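# Sharing a sequence plus its predicted fold:
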Protein chains: 2
Amino acid sequence: MLLLKELPTSKSLQRFLLRYPDADISAISDFVNLLRAASDISVALDKLLAQHHLLQGRWWVLVLLMREETQTSSPSDLAEKAGVTKATMTGFIDGLEREGLVLRLMDNDDRRKFLIRMTPAGQQKLDEVMPDYYRKVHALMSQLNQPDRDIMINSLKLLASRLDVMK
Amino acid sequence: MLLLKELPTSKSLQRFLLRYPDADISAISDFVNLLRAASDISVALDKLLAQHHLLQGRWWVLVLLMREETQTSSPSDLAEKAGVTKATMTGFIDGLEREGLVLRLMDNDDRRKFLIRMTPAGQQKLDEVMPDYYRKVHALMSQLNQPDRDIMINSLKLLASRLDVMK
DNA sequence: TGCATATTGTACGGTTCCATACTATCATCC
DNA sequence: GGATGATAGTATGGAACCGTACAATATGCA
């Protein structure tokens, strides 16, 4: 996600309005601000994870594995739950395996499959990251009062559910 | 930005709470929902631009150039305004130049520099994209009533301005 | 003037992601 | 049981990014 750091000057805004008179300036401004704020927040999460030598993609995989009682899943299943392609998941697993945080095991029932299992080192890594993550997310979200926070989240959810209007 | 498609089951949530009892579940849930909604919106923007054979990075460059009266700027200036490194901007400009949407001109005042100028084809591309963009962003943002929209944007801005609490 | 320092743009190598195409394996249906 | 089609995982090649290092050029200061 890429975003402009600089909002337009009123002078350049006028030039845009001259050329595109139908533009809804306040809608554009809100839209850009929304994306920029979310991008900044995502970057902050990246930095938090980087302090533990993790990246969002690999971290989600560990979280998904911890959700499983057996701490085991398949690449396809992980890909679907993480919302990435199978090819992307292959890359994540490669990285995690290289660092010893997960194992690839044969699945004797279906020889096309692998079983991906979190190792003790993987669990240890999560135990190191999650308390930090929870603490900092709590600190961030506490900056908002509850009514505003509810309205913000519900509004975002509503927008995300109405994205078909952009087609 | 990568996001889980699936929220945790209550069963796996209990396992997380057992291991990390201090977790603020509602903060985490809101945080993840925020990032996921924003990511979905960003993907929708990508798709809109893709219909015009553009990508976010290159598109912002054209928008920045249009903001300039001379439709001209330098790679360093563009990089700073777009919030990317100079190296990344070099790549964007390469792509835009290859497609004939911008030109690299010598700067006779400072021979280290280039002047990047939008071509008529570049302006034509923007004239094709921007009305579509404006129309669809208006359609999306109109899904919210004004008070909620204001609260959402202000809350997001406030969060983005308080990201130091995550350090 | 000359020399240290800063700036500009690029090359290079790295990561994360995707789309596509492929092999191996499984499931189905005649 | 054999062909057909679906599915699992990966390889490959691409784009968008970054950090670092570099050559060329400009600037400032003794």
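Cool, got the structure. Residues are numbered from 1 along each chain as shown, chains lettered A, B, ... in the order given.

# quick one: the strands in chain A?
Using DSSP state E, the strands of chain A run over A:72-73, A:102-106, A:114-118.

# ok and the second one relative to strand A:114-118, angle-wise?
Right, the one you point to is strand A:102-106. Per axes from the mean of the first three to the mean of the last three Cα atoms, to 10 degrees, the angle that strand A:102-106 makes with strand A:114-118 is 150 degrees.

# hmm, who's touching strand A:102-106?
A:61-62, A:65, A:72, A:93, A:96-97, A:114-119, A:122 (Cβ atoms under 8 Å, 6 or more residues apart in numbering or on different chains). Where you see a C-beta, it was placed from the backbone N, CA and C, and this is true even at glycine.

# Which single one of those residues is nearest to B:Leu55?
B:Leu55 lies nearest to A:Val61 out of the contacts of strand A:102-106, by Cβ to Cβ, at 26.7 Å.

# okay but the closest one is in contact with A:Gly83, surely?
No. The criterion here is Cβ atoms under 8 Å, and A:Val61 misses it with A:Gly83 at 11.9 Å.

# and the contacts of strand A:102-106, which are buried?
A:61-62, A:65, A:72, A:93, A:96, A:114-119, A:122 (16 or more other Cβ atoms under 10 Å in any protein chain shown).

# which one of the strands of chain A lies closest to DNA strand D?
Among the strands of chain A, the nearest to DNA strand D by Cβ to the nearest atom of the strand is strand A:114-118 (4.4 Å).

# Parallel or antiparallel, list what pairs with the closest one.
Next to strand A:114-118 in the sheet, as set by DSSP bridges, lie strand A:72-73 (antiparallel), strand A:102-106 (antiparallel).

# Tell me which of the ones you listed is the most buried.
Most buried of the strands paired with strand A:114-118 by mean neighbour count (mean count of other Cβ atoms under 10 Å in any protein chain shown) is strand A:72-73; its value is a mean of 18.

# before we move on, the earlier item: reformat the buried ones among the contacts of strand A:102-106 as a markdown table; add pLDDT and distance to B:Leu156.
Conversion of the buried ones among the contacts of strand A:102-106 to a markdown table gives the following (pLDDT from 0 to 100; distance: Cβ to Cβ, whole Å):
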| residue | pLDDT | distance to B:Leu156 |
| --- | --- | --- |
| A:Val61 | 90 | 28 |
| A:Leu62 | 92 | 28 |
| A:Leu65 | 91 | 31 |
| A:Thr72 | 93 | 38 |
| A:Ile93 | 91 | 34 |
| A:Leu96 | 91 | 32 |
| A:Phe114 | 88 | 40 |
| A:Leu115 | 92 | 40 |
| A:Ile116 | 93 | 35 |
| A:Arg117 | 93 | 38 |
| A:Met118 | 94 | 34 |
| A:Thr119 | 93 | 38 |
| A:Gly122 | 92 | 33 |
